[in-house]
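Enquirer: mind folding the following:
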Amino acid sequence: MLTRVQGGFAAAAVTFVAAGLVIFDLSDRGFRRWWSDRALTTDLVAGLLVLLITLLVVDQLVRRRQTNDRARAVAAQAAILMAEATRSSEAVSAALGGSGDPTAASEEVRTYMMMLLVVAPLLIEDAPSRGFLEQAQRLGGEMARILRAMATSVDAATISHARLDDAVAQLRATSVPLIEVLDLEAFLATDDETPR
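Expert: Okay, the predicted model is just below:
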């Protein structure tokens, strides 16, 4: 299967060949006579060129539509994962600050990690979504590290919020190029429904 760039070059090359044959046919009497004497060859070559141009152009259109559809699916998954990341990180931060329940925070992190496992195959394909996936994994690791430290009787005051806050900020930054594909109003509605 051709990549998008290869398909574009192939379509341009076939169109260039067809245009060249038309120019030669119009300008060179000997060339025209040669093709006129070989009707089957002329029809076969013309048919193949039209078929190739049609297939390559249709392939480009279908590929563009699939890319757009995939970008929307990635954006939706990134928005959902961001909402759960916010909820989980806030639960961990509250538990670390003493105002939240560590068990509830642990459940939130478990839910976040399960969501991360589910969306990972979709996010691993392209570089921007792969960067988002890496940051999401980093945040998951940071939350797990904090919960483990709290469970092993480490004084919560000695555990820094800075690394958790940095991981959340990095995840938000890498989500921006993915989520901007979504309708802004739909994204804001999703963000407003996220518990704070």
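Enquirer: could you find the closest non-adjacent residue to L164?
Expert: The shortest distance from L164 to any residue that is not its chain neighbour, by Cβ to Cβ, 6 or more residues apart in numbering, is 5.4 Å, and that residue is E142. Every residue, glycine included, has its C-beta placed from N, CA and C.
Enquirer: quick one: the one you found from G8, how far?
Expert: Taking Cβ to Cβ, to the nearest Å as the criterion, E142 is separated from G8 by 42 Å.
Enquirer: now do the domain split for this protein, please.
Expert: Taking automatic domain parsing as the domain assignment, the record places the domains of the chain at 4-63, 72-193.
Enquirer: now the shortest one: average pLDDT?
Expert: What it means is domain 4-63. Here domain 4-63 scores 83 as its mean pLDDT.
Enquirer: what does the longest one give?
Expert: Along domain 72-193, the predicted local confidence has a mean pLDDT of 86.
Enquirer: isn't L116 right next to L81, touching?
Expert: Yes - using Cβ atoms under 8 Å, L116 and L81 qualify as a contacting pair, with a distance of 6.7 Å.
Enquirer: which one's more surrounded, these two?
Expert: Looking at L116 and L81 with other Cβ atoms under 10 Å, you find the greater number of neighbours at L81, namely 24 against 18.
Enquirer: circling back to that earlier point, any idea which element the residue nearest to L164 lies in?
Expert: Applying DSSP states H and E as the criterion places E142 in helix 127-151.
Enquirer: also L49?
Expert: Taking DSSP H and E as the definition, L49 sits inside helix 39-97.
Enquirer: after that helix, next one along is what?
Expert: Helices and strands here follow DSSP H and E; after helix 39-97, the next one along the chain is helix 102-123.
Enquirer: list the buried residues for that next one?
Expert: Neighbour counts over helix 102-123 (16 or more other Cβ atoms under 10 Å) mark 102, 105-106, 108-109, 112-113, 115-116, 119-120, 122-123 as buried.
Enquirer: those: which two are farthest apart?
Expert: The distance between the two most remote of the buried residues of helix 102-123 (Cβ to Cβ) is 31.2 Å, for P102 and L122.
Enquirer: and L52, what does it touch?
Expert: With contacts defined as Cβ atoms under 8 Å, 6 or more residues apart in numbering, L52 is in contact with V14.
Enquirer: run the chain-centre distance for stretch 86-97.
Expert: When C-alpha coordinates are averaged (Cα atoms, centre = their mean, to the nearest Å), stretch 86-97 and its chain have centres 28 Å apart.
Enquirer: host element of the closest residue to T42 other than its chain neighbours?
Expert: Nearest-residue entry for T42: W35, 4.7 Å, with adjacent residues in sequence omitted and distances by Cβ to Cβ, 6+ apart. When secondary structure is defined using DSSP H and E, the element that contains W35 is helix 29-37.
Enquirer: for that helix, buried residues please.
Expert: For helix 29-37, by 16+ other Cβ under 10 Å, it's W35.
Enquirer: next, the angle helix 39-97 makes with that helix.
Expert: Interaxial angle of helix 29-37 relative to helix 39-97 (axes from the mean of the first three to the mean of the last three Cα atoms, to 10 degrees): 90 degrees.
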